[in-house]
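[1] missing the sequence, but the structure's below:
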């Protein structure tokens, strides 16, 4: 079991891309590629990424686009064998702290309709249901639940 004190959180660097891609492959049916992450980090001024590190290994990541006073969470993933240890929640809290620091007023994300575990986490963090995007996911055309939280 991992103790939260042993996990550190920091901004993602280019050197983290191979580990992040491995995590993406574990977590998503249509994972982002190394090229996508490289573009995000070098060519997208709106992109911000946080990684969770345990014993010098990247074990999770959270990506977001911050445009003016709004944030869109692009992806959140944790190593499969480490899920259920609060790492995803901690990554989201790191993202929220960054947004508050940057004076973001609204954060939004999409989550699979069947991913009730993630939905419950987001609700715990203050997110509300905002609507449904029909056929959102390209792999199986599952609908996405749009969720959002407003910061005062």
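    Alright, I've got the coordinates. Keep in mind that what you see is a predicted model, and the values were worked out from it rather than measured. Numbers count the residues shown, from 1 in each chain.
[2] quick one: residue 80 and residue 24 touch, right?
    No. Contact criterion Cβ atoms under 8 Å: residue 80 and residue 24 do not qualify, at 11.4 Å. Any C-beta I mention is one placed from the backbone N, CA and C, and that applies to glycine too.
[3] out of these two, which sits in the busier spot?
    residue 24 (19 against 10; other Cβ atoms under 10 Å).
[4] Pretty sure the more buried one sits in a helix.
    Yes. Counting by DSSP: H, G, I helix; E, B strand; the rest coil, one finds residue 24 located in a helix.
[5] show me the contacts for it.
    Residue 24 sits next to 31, 32, 75, 77 when contact means Cβ atoms under 8 Å, 6 or more residues apart in numbering.
[6] now the helices: where do they sit in the protein?
    17-27, 34-43, 87-101, 116-124 (DSSP state H).
[7] now these as CSV including mean pLDDT and distance to residue 152?
    As requested, the helices of the chain are exported to CSV (pLDDT from 0 to 100; distance: least, Cβ to Cβ, whole Å):
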stretch, mean pLDDT, distance to residue 152
helix 17-27, 97, 32
helix 34-43, 97, 29
helix 87-101, 96, 10
helix 116-124, 97, 18
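[8] Would you mind saying which of those helices lies nearest residue 6?
    Smallest distance to residue 6 across the helices of the chain (Cβ to Cβ): 11.1 Å, for helix 87-101.
[9] hmm, who's touching that closest one?
    Defining contact as Cβ under 8 Å, 6+ apart, one finds that helix 87-101 is touched by 2, 4, 7, 9, 48, 50, 52, 59-62, 64, 66, 71, 73, 76-78, 107, 118, 121-122, 124-125, 149, 151.
[10] Which positions within it qualify as buried?
    Neighbour-count burial for helix 87-101 flags 87, 88, 89, 90, 91, 92, 94, 95, 96, 98, 99 (criterion: 16 or more other Cβ atoms under 10 Å).
[11] so which of the residues you listed would you say is closest to residue 17?
    Looking at those and their distance to residue 17, the nearest is residue 91, at 16.8 Å (Cβ to Cβ).
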